[in-house]
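# how would this look folded up:
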Amino acid sequence: MTLASNRRTFLKSAIAAGAAVGAADLFGKLPAVSAKESKLDPKLVRLDSNVEPLVRLLEETPREKLLEEVGDRIRKGAAYREVLAALLLAGVRNVQPRPNVGFKFHAVLVVNSAHLASLNSPDQHRWLPIFWALDNFKSAQAQNLKESGWRMGPVNESKIPSARKARQAFIDAMENWDVEAADAAVAGLARTSGINETFELFAKYGCRDFRDIGHKAIFVANTYRTLHCIGWQHAEPILRSLAYALLKHEDTNPARRDGAPDRPGRENAKRIAAIPDNWQEGKPDDGVVQSVLASLRKSTAAELCAQVVEMLAKGASPQSIWDGLLLGAGELLMRQPAIVGLHAVTTTNALRYLYEASGNDQTRRMLLLQNAAFLPLFLEAMKGRGKVDESRVDAVEPAQSKSVTPEEIFADVGRDRAAAGAKTLAYLQSGGDAKALIDHARVLIFTKGTDSHDYKFSSAVLEDYDHVSPTWRNRYLASGTYWLRGSMAKDNALVQRARAALKG
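You can find the predicted model right below:
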């Protein structure tokens, strides 16, 4: 199957999966709310009238009561899709993606990861990731209130461009890093353009600079994945938050200087012209995968990008290059199991999604090259945070045990990473059921997870197992054990509270 057909299949399945969840949990409409309850502060952005009452419930209910209140709404008929929409909208209206597209803003970034975990969960666990994300939102909301009290206000209606001018106005604003102009232009886009047209624009700008260790690309990918489920009618405030996040930079306007975070994107914008027109027709080659891995260990961003262009010109398959990048991201985590290596994995997941979902040849070239540029930059960032060892994902030896079980693997996760990785490789190479291992990993995230990164990372690595070629995917999943949750970790208290709230 070609990457183009993979992309079409992925988009169809993502939409179908969202629809299936909505249909499975469609119990009815939310209870009526009084006129007093529906009044909204005129200084706040207005949301779709059907979801506004539920968003206000999330905003105004104390953290210690929220799960119980939402559980009651679900029993009275609130559907999964309504709760998911309210969660994302409450996040963008109450949590500012500044000064960093991360930290407290993970309450927004993690929504799609929780959604993916929910989609892939057994029925008895379906609501647990969403309830975790609801509680996480309340924590971020309180932190945001303490730091700045920021809340998203209404767009300046007088500055919104006409339908025929909105697209170019948005491009001009993004190129000039103009926050005010972009806010008005993106509102115009949301009102007059479709999801595919706006997605292509955001995919381009989500990968153009290396700031906030990949969170910009992650926000773009997660935004569009969630919008496919909850509906385009909710797009405007979400895209306003996204544009605001993508324009985050240092004091000096990046359009007026040659800043280090912007340099790879500017160089790659020129470099893509050397990629031949038939670049997506190359043949898979394990030697290309090995070459990408070897170069990542020693090359600069510019050197690795130049090598990728040369490989494509010689007929290398983009899939083989993606295999090398995905494995390379996993190897970085092995070499330093900490926050930067983790984001190498989650950023690569986001850029791969954008690549497969995009229908623009130039954008796809840029996404591939930018991922190649970002991984050496992640490695440099890791060096400034402590020891980076010499672990190699392609050198992991399977454990000698003849009978390895998922339970045995996850007993080692978190306390002996190398042993867990070796046992994972042994289990999979001996014919072990990958789905059983992945399901086991997900349930442990629900019961043991305590941080947004637990959901972001697990959703990324467990999804990308299927996007790595069969020759390499077992090694990729083995690298994931360096951050997944183990069975020996302490249970989190939230899961019991969530289950009780759903039962009533």
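# just wondering, since we're on the residue most central in space within the chain, how far is it from residue 263?
The chain has residue 218 as the residue nearest its centroid, 4.1 Å off, counting by C-alpha atoms, centre = their mean. Relative to residue 263, residue 218 is positioned 21 Å away (C-beta to C-beta, to the nearest Å). To be clear about C-beta, it is placed using only N, CA and C from the backbone, and glycine gets the same treatment.
# repeat for residue 417
34 Å.
# Between these two, point out the one with more neighbours.
Taking neighbours as other C-beta atoms under 10 Å, residue 417 and residue 263 compare with residue 417 leading, 20 against 15.
# Can you tell me the closest non-neighbouring residue to that one?
Nearest non-adjacent residue to residue 417, counting by C-beta to C-beta, 6 or more residues apart in numbering: residue 482, 4.7 Å away.
# what secondary structure does the one you found sit in?
Following DSSP: H, G, I helix; E, B strand; the rest coil, the label given to residue 482 is coil.
# Could you report the neighbour count for residue 386?
9.
# low-scoring pLDDT stretches of the protein, where are they?
Along the chain, the model assigns pLDDT under 70 to residues 1-40.
# If you count neighbours, what's buried in stretch 361-369?
363-369 (16 or more other C-beta atoms under 10 Å).
# meant to ask about stretch 284-293
285, 288-289, 291-293.
# Could I get the full set of helices for the stretch 101-250 of the chain?
Assigned by DSSP state H, counting those that start in this stretch, the stretch 101-250 of the chain shows helices spanning 106-109, 111-119, 128-147, 163-175, 179-192, 195-206, 215-230, 235-246.
# tell me the angle of the third one relative to helix 111-119?
Between helix 128-147 and helix 111-119, the angle formed by their directions is 160 degrees, by axes from the mean of the first three to the mean of the last three C-alpha atoms, to 10 degrees.
# Now do the contacts for residue 62.
With contact taken as C-beta atoms under 8 Å, 6 or more residues apart in numbering, residue 62 is in contact with residue 138.
# try residue 469
284, 289, 319-320, 323.
# Including distance to residue 143, could those residues go into CSV?
Shown next, in CSV, are the contacts of residue 469 (distance: C-beta to C-beta, whole Å):
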residue, distance to residue 143
284, 46
289, 42
319, 41
320, 43
323, 39
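# Go through the residues you listed and name the one nearest residue 46.
Residue 46 lies nearest to residue 319 out of these, by C-beta to C-beta, at 44.7 Å.
# Was I right to think the closest one contacts residue 284?
Yes - at 5.8 Å, residue 319 and residue 284 qualify as touching, with contact defined as C-beta atoms under 8 Å.
# re the thing from before, of all the helices of the stretch 101-250 of the chain, which one comes closest to residue 439?
The closest of the helices of the stretch 101-250 of the chain to residue 439 is helix 111-119. By C-beta to C-beta, the value is 11.1 Å.
# Run a quick neighbour tally on residue 394.
Per other C-beta under 10 Å, the neighbour tally for residue 394 reads 14.
# domains of the protein?
21-147, 157-254, 263-383, 396-480 (automatic domain parsing).
# how near is residue 406 to residue 417?
16 Å.
# My error: substitute residue 459 in the last question.
20 Å.
# same thing with residue 428?
Distance of residue 428 to residue 417, given as C-beta to C-beta: 17 Å.
# try residue 274
For residue 274 relative to residue 417 (C-beta to C-beta), the value is 40 Å.
# Which helix or strand contains the residue nearest to residue 250 when sequence neighbours are not counted?
Residue nearest to residue 250 in three dimensions, not counting chain neighbours: residue 259, with 7.3 Å by C-beta to C-beta, 6+ apart. Using DSSP states H and E, residue 259 is not contained in any helix or strand.
# In contact with residue 259, which residues?
Residue 259 sits next to 209, 249-250, 252 when contact means C-beta under 8 Å, 6+ apart.
# same deal with residue 132?
Contacts of residue 132 (C-beta under 8 Å, 6+ apart): 114, 446, 449, 455, 494-495, 498.
# now swap in residue 445 and tell me
Applying C-beta under 8 Å, 6+ apart, we find residue 445 in contact with 117, 129, 454-455, 458, 484-485.
# what about it, helix or strand, and which?
Residue-wise, residue 445 maps onto helix 434-448 under DSSP H and E.
# how near is residue 488 to residue 447?
Residue 488 is 12 Å from residue 447, where distance means C-beta to C-beta.
# Which neighbours do the two have in common?
If you check residue 488 and residue 447 against C-beta under 8 Å, 6+ apart, no residue is contacted by both.
# Could you check which of those two has the larger neighbour count?
Using other C-beta under 10 Å, the more surrounded residue of residue 488 and residue 447 is residue 447, with 18 against 12.
# give the contact list for the more buried one.
Listed by C-beta under 8 Å, 6+ apart, the contact partners of residue 447 are 491-492, 495.
# how close does it get to residue 461?
Per C-beta to C-beta, residue 447 is found 18 Å from residue 461.
# and what of residue 448?
Using C-beta to C-beta, residue 448 is found at 16 Å from residue 461.
# Check residue 412 too.
17 Å.
# Those two: who's more crowded?
residue 461 (28 against 21).
# Go ahead and confirm that one touches residue 326.
No - at 9.3 Å, residue 461 does not count as touching residue 326 under the criterion of C-beta under 8 Å.
# which residues are in contact with both of the two?
With C-beta under 8 Å, 6+ apart, residue 461 and residue 326 have common neighbours residue 476.
# Turn the domains of the chain into JSON lines, columns for distance to residue 390.
Shown next, in JSON lines, are these (distance: least, C-beta to C-beta, whole Å):
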{"stretch": "domain 21-147", "distance to residue 390": "29"}
{"stretch": "domain 157-254", "distance to residue 390": "23"}
{"stretch": "domain 263-383", "distance to residue 390": "7"}
{"stretch": "domain 396-480", "distance to residue 390": "12"}
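# Out of those, flag the one nearest residue 503.
Closest to residue 503 of the domains of the chain, according to C-beta to C-beta: domain 21-147, at 7.8 Å.
# what distance separates that closest one from the middle of the whole chain?
Distance of domain 21-147 from the chain centroid (C-alpha atoms, centre = their mean, to the nearest Å) equals 18 Å.
# contacting residues around residue 327?
So residue 327 contacts 289, 292-293, 393-394, 468, 472, 475-476, 479 (C-beta under 8 Å, 6+ apart).
# Restricted to helices, list the buried residues of stretch 361-369.
Of the positions in these, 363-369 sit in helices, assigned by DSSP state H.
# just to revisit the earlier point, and the contacts of residue 445, which two are the farthest apart?
For the contacts of residue 445, and using C-beta to C-beta, no pair is farther apart than 129 and 484, which are 15.0 Å apart.
# re the thing from before, which single one of the buried residues of stretch 284-293 is nearest to residue 91?
Of the buried residues of stretch 284-293, the one sitting nearest to residue 91 (C-beta to C-beta) turns out to be residue 292, at 35.8 Å.
# So that closest one sits against residue 321, correct?
Yes - between residue 292 and residue 321 a contact is recorded at 6.0 Å, counting by C-beta under 8 Å.
# Overlap in contacts, the two.
Residues touching both residue 292 and residue 321 by C-beta under 8 Å, 6+ apart: 308, 311, 372.
# Just the closest of these to residue 141, please.
Closest to residue 141, out of all of the shared contacts of residue 292 and residue 321 and judged by C-beta to C-beta, is residue 372, at 37.4 Å.
# tally of neighbours for the closest one?
A count of neighbours around residue 372, defined by other C-beta under 10 Å, yields 30.
# for residue 122, same thing?
Residues contacting residue 122 under the criterion other C-beta under 10 Å number 9.
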